[in-house]
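Engineer: no letters, just coordinates:
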C-alpha cells in the first residue's frame, strides 16, 4: 500500500487558509485558476482521469497555454484505470499524444492503486486534494508541509510506474 497515511490529511499542517471546495464545478474552476498561475510542473494523481474536472475544453486550453509559455513545463499524470477515458476520447489523452515530450501519463503501480484519493499539485506550492475521488468536495491549499508529503508520495509512485502504451504518440 501507499507510503503515507492520508487519514485526516486535510486537517494536518497549516489548514487555516485552506479553501473548501464543495461542488464539482468549484473544483473544476479551482483547477483552471491554479493552472493559470503555475510556472513549471503540474502533477495529477487520479484513479480514472476524472472527467468532471480534467476533460473540459477550458482546462485543455489552459494546459496548452501553460506549455507554450514555458519551455520547461511538465505535466505528469498517474492514473489507476485509463480504459473509460480511452473509450470516451478524454482530452488529456489527446494532449499527451500531441505533446508527448511534455505530458506523460503513467499507470499507477499496483501497490498504490485502490487508494481512492486524488490530487493535483501545482509547482511546489498549491494543491487540490480530494480524500475520495468520487466525492464532490475537496480542499485547495498552499500548506508547504502537506504539499511536500503529496510530492513525495507522487514521486515514489511515479518512479515505480510505467508509461501507458495507449498515450504515447506512435511514429510510423
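Structural biologist: It's in. Quick caveat, the model's predicted, so the values are computed rather than measured.
Engineer: and the residue nearest the centre of the chain, what are its bridge partners?
Structural biologist: Per C-alpha atoms, centre = their mean, the C-alpha nearest to the average position across the chain is that of residue 44, at 1.4 Å. Counting by DSSP bridges, residue 44 is bridged to residue 77, residue 120.
Engineer: quick one, what contacts it?
Structural biologist: 54, 75, 76, 77, 78, 118, 119, 120, 121 (C-beta atoms under 8 Å, 6 or more residues apart in numbering). From N, CA and C alone the C-beta is placed, and that goes for glycine too.
Engineer: flag the shaky bits of this structure, pLDDT-wise.
Structural biologist: For the chain, the stretches with pLDDT under 70 are 1-4, 10, 166-172.
Engineer: wait, residue 163 touches residue 106, no?
Structural biologist: Yes - between residue 163 and residue 106 there is a contact under C-beta atoms under 8 Å: 5.2 Å.
Engineer: circling back: pull the most distant pair out of the contacts of residue 44.
Structural biologist: Longest distance between any two of the contacts of residue 44 is 15.4 Å, between 75 and 118; criterion C-beta to C-beta.
Engineer: looking at these two, which is more packed in?
Structural biologist: residue 118 (27 against 21; other C-beta atoms under 10 Å).
Engineer: so the more buried one versus residue 142, what's the distance?
Structural biologist: Noted for residue 118: a distance of 18 Å to residue 142, by C-beta to C-beta, to the nearest Å.
Engineer: same thing with residue 65?
Structural biologist: Residue 65 sits 22 Å away from residue 142, going by C-beta to C-beta.
Engineer: check residue 153 too.
Structural biologist: Look at residue 153 and residue 142: by C-beta to C-beta, they are 18 Å apart.
Engineer: same deal with residue 56?
Structural biologist: Counting by C-beta to C-beta, the gap from residue 56 to residue 142 is 24 Å.
Engineer: try residue 82
Structural biologist: Here the criterion is C-beta to C-beta. By it, residue 82 lies 30 Å from residue 142.
Engineer: how about residue 149?
Structural biologist: Following C-beta to C-beta, the distance that separates residue 149 from residue 142 is 14 Å.
Engineer: looking at those two, which is more packed in?
Structural biologist: residue 149 (19 against 15).
Engineer: the more buried one: which element?
Structural biologist: Assigned by DSSP states H and E, residue 149 belongs to helix 144-160.
Engineer: what is the subsequent helix or strand relative to that helix?
Structural biologist: Using DSSP H and E, the next helix or strand after helix 144-160 towards the C-terminus is strand 162-163.
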